[in-house]
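K.L.:
can't give you the sequence, but here's the structure:
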């Protein structure tokens, strides 16, 4: 009897050691003990667990999945959302926004007529009042307001903000404003302009991931959170696990370098 018990104990110990060799323990990794705040729209929300789970597994950090489903850039810059950000202390803030903004000509704006968007005719916008709840609509102004408020209210703690270029998407059909590569480029030009003006780290996800959208379906509402119909995207808008695996590899390289 004692011999059988000893054999079972030895087997349990052996299995535990084998599991320990192939699995990363909780809290292990290059950013163990750190907190990452995911800011943005549904792609950074708990609608999809892939993003937070993969980033936590690859870094060892505690990842706060705090995107707001359906949020436009204007809603993202509101006091209501900013209160969510300031209420959750973090070491890193990763911003991925633009999924619900078309990027059509005239809607993005610029702070400089000499900028890429300025030269193509985007209207000049003024710096927003940081002491007021944001009530504008220009994409670049929304983003600038969020970043400046974050720098004022969160950055003094030593936190770092990573600003990501937006990802391609396909909605309805190839003629839709959402599917137009020029509109995506206009948004990403504004994101680059903001990163330079505010002095924050730019992560060019769009270029680094280089997703081939010809392989992806077209997103048509309502959102289907269960069925994966694409290669790197669930539905042409929201990345699937494979898509977020590529995205988080890019982000981890940037985070470790900070």
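P.N.:
Perfect, thanks for sending it. All values reported here derive from a predicted model rather than from experimental measurement.
K.L.:
CA atoms for contacts and neighbours, from now on please.
P.N.:
OK.
K.L.:
For the chain, which segments count as strands?
P.N.:
Taking DSSP state E, the strands of the chain run over residues 35-40, 62-65, 92-96, 160-164, 201-203.
K.L.:
I would like the residues contacting stretch 155-164, please.
P.N.:
Contacting residues not belonging to stretch 155-164 are listed as 90-97, 191, 195, 200-205 [Cα atoms under 8 Å, 6 or more residues apart in numbering].
K.L.:
Residue 126 reaches residue 111, doesn't it?
P.N.:
Yes: Residue 126 is within contact range of residue 111, at 6.7 Å (criterion: Cα atoms under 8 Å).
K.L.:
the more surrounded of those two?
P.N.:
Higher neighbour count among residue 126 and residue 111: residue 111, with 21 against 11, using other Cα atoms under 10 Å.
K.L.:
quick one on the thing from earlier: tabulate the strands of the chain (CSV), appending mean neighbour count, mean pLDDT and distance to residue 79.
P.N.:
Compiled in CSV, the strands of the chain are given as follows (neighbours: other Cα atoms under 10 Å; pLDDT from 0 to 100; distance: least, Cα to Cα, whole Å):
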stretch, mean neighbour count, mean pLDDT, distance to residue 79
strand 35-40, 24, 98, 14
strand 62-65, 22, 98, 19
strand 92-96, 22, 98, 16
strand 160-164, 22, 98, 18
strand 201-203, 20, 98, 23
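K.L.:
right, and the ones you listed - which one's nearest residue 29?
P.N.:
strand 62-65 (10.9 Å; Cα to Cα).
K.L.:
same for that closest one, what does it pack against?
P.N.:
Judged by 3 or more Cα pairs under 8 Å, 6 or more residues apart in numbering; DSSP states H and E, strand 62-65 is in contact with strand 35-40, helix 50-59.
K.L.:
Show me which parts of the last one are buried, residue by residue.
P.N.:
In other words, helix 50-59. Within helix 50-59, the residues that count as buried by 16 or more other Cα atoms under 10 Å are 50-59.
K.L.:
returning to that earlier point: which of the strands of the chain sits closest to residue 226?
P.N.:
Using Cα to Cα, the nearest of these to residue 226 is strand 62-65, at 18.5 Å.
K.L.:
Neighbouring strands - and their directions - for that closest one?
P.N.:
When pairing is defined by DSSP bridges, strand 62-65 lines up against strand 35-40 (parallel).
K.L.:
ok and the strand it pairs with relative to strand 160-164, angle-wise?
P.N.:
Relative orientation of strand 35-40 versus strand 160-164 (axes from the mean of the first three to the mean of the last three Cα atoms, to 10 degrees): 30 degrees.
K.L.:
burial count for the closest residue to residue 91 other than its chain neighbours?
P.N.:
Excluding the flanking residues, the one nearest residue 91 by Cα to Cα, 6 or more residues apart in numbering is residue 159, at 4.4 Å. For residue 159, the count of nearby residues is 16 (other Cα under 10 Å).
K.L.:
Next: residue 158.
P.N.:
Count around residue 158 with other Cα under 10 Å applied: 10.
K.L.:
Model confidence for it, exactly?
P.N.:
Here, the pLDDT recorded for residue 158 equals 98.
K.L.:
any idea how far residue 110 is from it?
P.N.:
According to Cα to Cα, to the nearest Å, residue 158 stands 29 Å off from residue 110.
K.L.:
Same check on residue 232?
P.N.:
If you measure residue 232 against residue 110 using Cα to Cα, the figure is 32 Å.
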